[in-house]
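Q: fold the following and give me the result.
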Amino acid sequence: TIKIYDKEQNDEWKLTSSWAAHSSPINQVDWAHPEFGQLLASCSEDKSVCIWIEEAQPGQQRKFKKQAILSEFSKGVTAIAFAPNHLVCDFQCTIYILVFDDSQFVVVHAIE
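A: Alright, predicted model coming up:
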């Protein structure tokens, strides 16, 4: 489960979103740079990386929609990180270079 907390003006943390993101334990979550909007990536032992985008719903609980899923990994994915070219590493040390093209992520190169 991914849970998002926002810090309120009184310095207290409030749960603003929660959802079942993967079928196995989540190993890491990373936020994209704000220039890309409210994008979040998660990786899991279920051999996948999911990219989530926040759907704007003013006045309601924050909601994230699955924008993309990368599932061609042979083992659980232990680490992810956003960078200008969106580098994603799996346990086998393969680096996937992804580019955000209009409304989806596209794998442009895999380095083993």
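
Q: and the strands in this structure, which stretches?
A: When secondary structure is read from DSSP state E, the chain shows strands at 2-7, 13-19, 26-31, 39-44, 49-55, 63-70, 79-80, 87-89, 95-101, 104-111.

Q: show me where pLDDT drops low in the chain?
A: Along the chain, the parts satisfying pLDDT under 70 run over 83-101, 108-112.

Q: what are the bridge partners for the residue most central in space within it, then?
A: Taking Cα atoms, centre = their mean as the criterion, residue 41 is the residue nearest the geometric centre of the chain, at 0.9 Å. Residue 41 forms beta bridges with residue 30, residue 51, as assigned by DSSP bridges.

Q: show me the contacts for it.
A: Under the criterion of Cβ atoms under 8 Å, 6 or more residues apart in numbering, the contact list for residue 41 reads 29, 30, 32, 49, 50, 51, 52, 80, 82, 88. In short, each C-beta sits where N, CA and C put it, glycine included.

Q: could you work out the most separated pair of those residues?
A: Farthest-apart pair in the contacts of residue 41 is 52 and 88; separation 14.2 Å (Cβ to Cβ).

Q: what would the contacts of residue 41 look like in a markdown table with distance to residue 9?
A: Formatted as a markdown table, the entries for those read as follows, by distance: Cβ to Cβ, whole Å:
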| residue | distance to residue 9 |
| --- | --- |
| 29 | 25 |
| 30 | 27 |
| 32 | 26 |
| 49 | 34 |
| 50 | 31 |
| 51 | 31 |
| 52 | 26 |
| 80 | 32 |
| 82 | 28 |
| 88 | 36 |
